[in-house]
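A.B. asks: sequence plus predicted model, see below.
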Amino acid sequence: MKLSQLKVGDKAVVTSTGVNSLVRRRLMDLGLIRGTELKVLRVAPLGDPIEILFKGLYLTLRKSEADGIGVRQAS
């Protein structure tokens, strides 16, 4: 499942990051790596951008960036 497919309030765990190398490096620097738990806080009406919360950090991603992040829903 992709991060961009989650709805507001969903919690998930990162399983992969398949975005381009510059974006992947920045996300890794911020701590968004495999195994990180996150929560979707807001999604714009057209699905772009998406705001997530992980490790106390609020991050807004473009839909194209969120499409490259693989997740599995957490219980």
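C.D. replies: It's in.
A.B. asks: span of stretch 32-51 from start to end?
C.D. replies: 13 Å (C-alpha to C-alpha, to the nearest Å).
A.B. asks: please, where are all the helices along this protein?
C.D. replies: 21-30, 63-66 (DSSP state H).
A.B. asks: save those helices as a markdown table, and put in mean neighbour count, distance to Gln73 and mean pLDDT too.
C.D. replies: Any C-beta I mention is one placed from the backbone N, CA and C, and that applies to glycine too. Formatted as a markdown table, the helices of the chain follow (neighbours: other C-beta atoms under 10 Å; distance: least, C-beta to C-beta, whole Å; pLDDT from 0 to 100):
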| stretch | mean neighbour count | distance to Gln73 | mean pLDDT |
| --- | --- | --- | --- |
| helix 21-30 | 13 | 19 | 88 |
| helix 63-66 | 18 | 15 | 90 |
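A.B. asks: relative to Met1, which of those is closest?
C.D. replies: Met1 lies closest to helix 63-66 among the helices of the chain, at 11.2 Å (C-beta to C-beta).
A.B. asks: starting at the chain centroid, how far to the closest one?
C.D. replies: Its chain's average C-alpha position is 8 Å from that of helix 63-66, according to C-alpha atoms, centre = their mean, to the nearest Å.
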